[in-house]
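> kindly return the folded structure for what I paste below:
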Amino acid sequence: MRVSVKLPKSNSKSSGFTFTIHYEALNKIRSMPLDRSCENNAVLMHINKSQISLSKNTVFTMIALHSVGPTLISVFAATIADAAIVEYNWTLRPVRASPKDTSFSVDCNLNRLMLLINDEYPGPTLRAQVNDTIRINLVNEDPSQSFSLHHHGLHMFGQPYYDGTASASQCAANVLQTQVYEFTVNEAGTHYWHGHMAMERGDGYEGAIIVTDPNDMRETELEATYDEEEVIFLQDWYHLDGPALRAGLDAIPFIWIGDPQSFVINGGGLYLRCFENTTVDPSLCANNCSIDNYIRTIDVESGKTYRLRIIGGQTLIGVNFAISDHNMTIVEVEGTLCEPFEVSSLDVMPGQRFSALVTMDKDPDSYWATTSVRYRSSGPYGGIIFRYKGAPETNLTLNGPFPDHPLWNETEPTEVLERNLVTKNIDSYPDHDVLSADENAIRRFVLVTTQATDQASGMLRWAVNNVTYVMPPKPFIFSAYEACNVEGAAPWPETIVPGSVVLPEAPPNPWNYTEPVHESVGSYNKESEPSMIPAVEGEIIEVILQNARALNNVSEMHPWHLHGYSFYVIGRGNGVYDKENDMSSYNLENPIRRDTVTLLPLGWTAIRFRATNVGVWTFHCTMTAHLLMGMETLLVVSPDRLESPPPGSRACIETSLAYDESNTSSGTTIEASTTTQANSDDPYNSDFEDTVTSGSLFKGSAILIIIASILGYSHFD
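Numbering: from 1, shown residues only. As a prediction, this is how the structure comes out:
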């Protein structure tokens with residue numbers, strides 16, 4: 001064992017030392033009795049041996065930020081017992097396939113620009129356990145675009161600056177810049193990560209997140225019911241890249257993104273014009289276009305049960321997923337364990353995730369699993385193959401046999417699914433008491449989604465309660481923090497956040513939402529600003545999402561996702577929501593708890609949650625085009641209780657020529673990728689002691705604070 005200790009000066013107010021244990025010491029640590037103390041001179045180290053399982057190159061570094069005596073420093077390593085630090089080094093760069101190198105083609109089409117992490121599509125799967133700390137070193141090697149990284153389904157409780165939403169919670173990583181995301185994971189389940197700046201997730205910038213909890217009996221009981229697991233990652237695939245599609249949305253006249261050219265599952269699909277040799281320009285097609293080369297295969301064994309973690313990574317279209325001759329049993333919805341429910345096919349909308357158990361109990365063969373488009377009249381099919389061990393060598397063709405799917409506009413399968421998705425052991429969720437809340441304690445919103453022509457710009461936009469969301473010039477969380485901390489500020493939620501509009505709790509111009517859009521709404525959206533719902537920590541909020549018609553008189557399906565929270569889906573119905581009559585249909589016993597909900601055409605959906613997570617959280621349609629056109633708002637929860645923003649998260653405004661220098665100390669330069677010493681004159685950091693590490697802030701106090709980080713290795717074995 002090699003131990004190195006640097007003791008601080010005895011008169012230091014807040015100083016540090018490092019305590020380094022190399023791999024050779026780990027076996028000795030594990031052999032110690034639980035809670036045994038090791039004393040070395042004036043250093044007391046408390047070790048719990050459980051779950052110490054590290055790679056051979058791992059080095060622990062622990063930093064104490066407060067001296068409790070001239071020679072005595074206490075290091076509590078309790079986090080070793082229950083958690084690990086999982087580190088990923090990710091490089092984001094643009095790539096494209098060509099006739100000389102087809103390896104980056106996902107569907108036989110060439111010359112399509114992609115944005116990939118570590119040259120993988122889908123991107124690397126992020127795996128962790130509950131209470132682990134994840135550290136992602138993200139390097140943006142794109143020479144022309146800025147990006148952020150959102151972890152869809154992870155609530156970032158108490159970590160609002162790491163939600164990864166550009167313009168809401170942070171500045172995006174600029175060209176050739178590095179950003180470090182370091183956060184604690186609290187939500188077991190099936191989630192996914194993706195860019196959250198514009199349309200980059202449709203260019204390949206996304207991947208799965210799998211979080212397990214070995215200390216949760218419910219999770220371990222579920223794990224005992226299956227043998228293996230597989231990720232099913234769904235994505236609609238356009239041959240125009242994100243910036244080109246986005247330009248059309250902002251064009252006058254408007255250019256809709258249209259149908260995707262193909263649909264890919266686990267990074268593989270077929271562009272039929274290439275496959276059938278009917279494309280206008282053969283040079284745009286790979287010369288190796290075949291089912292074997294471009295459709296992915298999952299190898300399975302007879303008699304085994306598989307957990308399929310199905311992730312809706314689409315940018316526009318909802319789909320129905322089914323496996324030939326095999327039923328699926330739904331057991332998890334977006335981190336919530338549900339009562340098992342068997343289905344022959346499953347609707348998966350953009351941003352939604354499910355776990356389904358499938359038993360391979362058919363004759364050894366190869367079976368198609370396919371997707372069909374839902375709630376849009378046209379679009380491509382997707383496919384993946386389940387191949388039994390010992391299956392005949394014959395190859396599948398596009399002649400099938402294929403599983404059955406509902407018609408594109410058939411709502412009954414979705415309604416049956418939604419009715420039967422109920423939370424298992426709902427009393428085990430600490431927020432279930434919102435279901436029995438007194439009516440007077442509930443703050444209720446009715447949000448109506450409509451289209452509008454912006455009177456000032458002439459652009460076609462979406463609006464919520466007659467307000468079109470517009471991205472602010474700097475992350476809104478900074479504006480809210482500043483507004484609450486300026487001298488003379490009114491108490492929250494009466495605080496005025498400059499440059500924003502408070503979303504009305506009901507539409508200012510109500511009408512029969514099953515009829516064409518009211519003229520006063522469709523011809524002019526009242527506001528075009530960053531809109532917000534101001535909430536106080538602890539409030540119980542109920543939101544009724546009410547669908548309406550677009551300007552073309554069509555009502556679309558909209559999946560809505562709330563960052564920072566899971567909510568209970570307590571009700572849904574057709575037509576216009578009627579509080580007096582529809583509340584009696586609510587399920588307040590065991591509704592499904594999730595974070596992305598389907599709003600059906602000309603229907604309504606009611607959700608309820610308690611606002612316990614302080615911060616700024618976006619609430620938006622997960623169809624990226626609709627989001628960018630303004631179908632979004634912000635849930636702003638008690639920003640007066642926010643900690644000061646980490647320096648790296650505000651790099652974009654501190655490097656702007658238009659940035660107001662009065663907001664920072666003169667001469668201070670902050671880089672998102674570096675460890676920076678905070679300036680005590682900086683108003684953002686005036687309430688903190690003088691240590692800032694990896695973009696995280698730690699208050700100096702009489703309580704010892706420990707940072708544990710992994711050096712020199714990217715993951716745990």
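> when you work out contacts or count neighbours from here on, use the C-alpha atoms and nothing else.
OK.
> surely Ile541 is in a strand?
Yes - counting by DSSP: H, G, I helix; E, B strand; the rest coil, Ile541 is found in a strand.
> partners of it in the sheet?
Arg443, Phe609 (DSSP bridges).
> tell me the contacts of it?
Ile442, Arg443, Arg444, Phe445, Arg608, Phe609, Arg610, Ala611 (Cα atoms under 8 Å, 6 or more residues apart in numbering).
> just the strands in the stretch 101-250 of the chain please.
Assigned by DSSP state E, counting those that start in this stretch, the strands in the stretch 101-250 of the chain fall at 113-117, 123-129, 133-140, 150-152, 178-184, 189-194, 206-212, 228-237.
> direction included, what does the shortest one pair against?
Looking back up the chat, that one is strand 150-152. By DSSP bridges, strand 150-152 pairs with strand 189-194 (antiparallel).
> output the below-cut-off pLDDT ranges for the stretch 401-550 of the chain.
520, 522-527 (pLDDT under 70).
> give me the neighbour count for the nearest residue to Val464 once chain neighbours are set aside.
Nearest residue to Val464, sequence neighbours excluded (Cα to Cα, 6 or more residues apart in numbering): Thr449, at 4.8 Å. Residues lying near Thr449 (other Cα atoms under 10 Å) number 27.
> over to Val616?
30.
> now do Val333
Neighbour tally, Val333, other Cα under 10 Å: 26.
> the one 3 residues further on too?
For Thr336, the neighbour count with other Cα under 10 Å is 25.
> now do it, the pLDDT please.
On pLDDT, Thr336 comes in at 98.
> that one touches Asn425, doesn't it?
No - using Cα atoms under 8 Å, Thr336 is not in contact with Asn425, being 10.0 Å away.
> strands of the stretch 501-650 of the chain, residue ranges please.
Going by DSSP E, counting those that start in this stretch, the stretch 501-650 of the chain shows strands at 501-502, 527-529, 531-535, 540-546, 558-562, 567-574, 593-594, 596-599, 603-610, 615-621, 632-637.
> can you put these in a markdown table and add distance to Asn266?
Formatted as a markdown table, these follow (distance: least, Cα to Cα, whole Å):
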| stretch | distance to Asn266 |
| --- | --- |
| strand 501-502 | 41 |
| strand 527-529 | 38 |
| strand 531-535 | 36 |
| strand 540-546 | 32 |
| strand 558-562 | 22 |
| strand 567-574 | 29 |
| strand 593-594 | 24 |
| strand 596-599 | 21 |
| strand 603-610 | 31 |
| strand 615-621 | 24 |
| strand 632-637 | 29 |
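> low-confidence stretches in the protein?
Under the criterion pLDDT under 70, the flagged ranges of the chain are 1-82, 520, 522-527, 654-717.
> could you redo the last one with a cut-off of 50?
Counting by pLDDT under 50, the ranges of the chain that qualify are 1-81, 659, 661-717.
> next up, the contacts around the residue most central in space within it.
Residue closest to the mean C-alpha point of the chain, counted by Cα atoms, centre = their mean, is His152 at 1.1 Å. His152 is in contact with His191, Tyr192, Trp193, His194, Gly351, His563, counting by Cα under 8 Å, 6+ apart.
> with Arg461 instead?
Gln451, Ala452, Thr453, Asp454, Thr468, Met629, Gly630.
> one more pass at 6 Å, please.
Gln451, Ala452, Thr453, Met629 (Cα atoms under 6 Å, 6 or more residues apart in numbering).
> restricted to strands, list the residues you listed.
Here DSSP state E is the test, and those give Gln451, Ala452, Thr453 as lying in strands.
> now render those as TSV, adding distance to Gly312.
Below are those laid out as TSV (distance: Cα to Cα, whole Å):
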residue	distance to Gly312
Gln451	25
Ala452	28
Thr453	30
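> adding neighbour count and distance to Glu410, write those out as CSV.
CSV is the format used below for those (neighbours: other Cα atoms under 10 Å; distance: Cα to Cα, whole Å):
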residue, neighbour count, distance to Glu410
Gln451, 27, 24
Ala452, 28, 27
Thr453, 18, 30
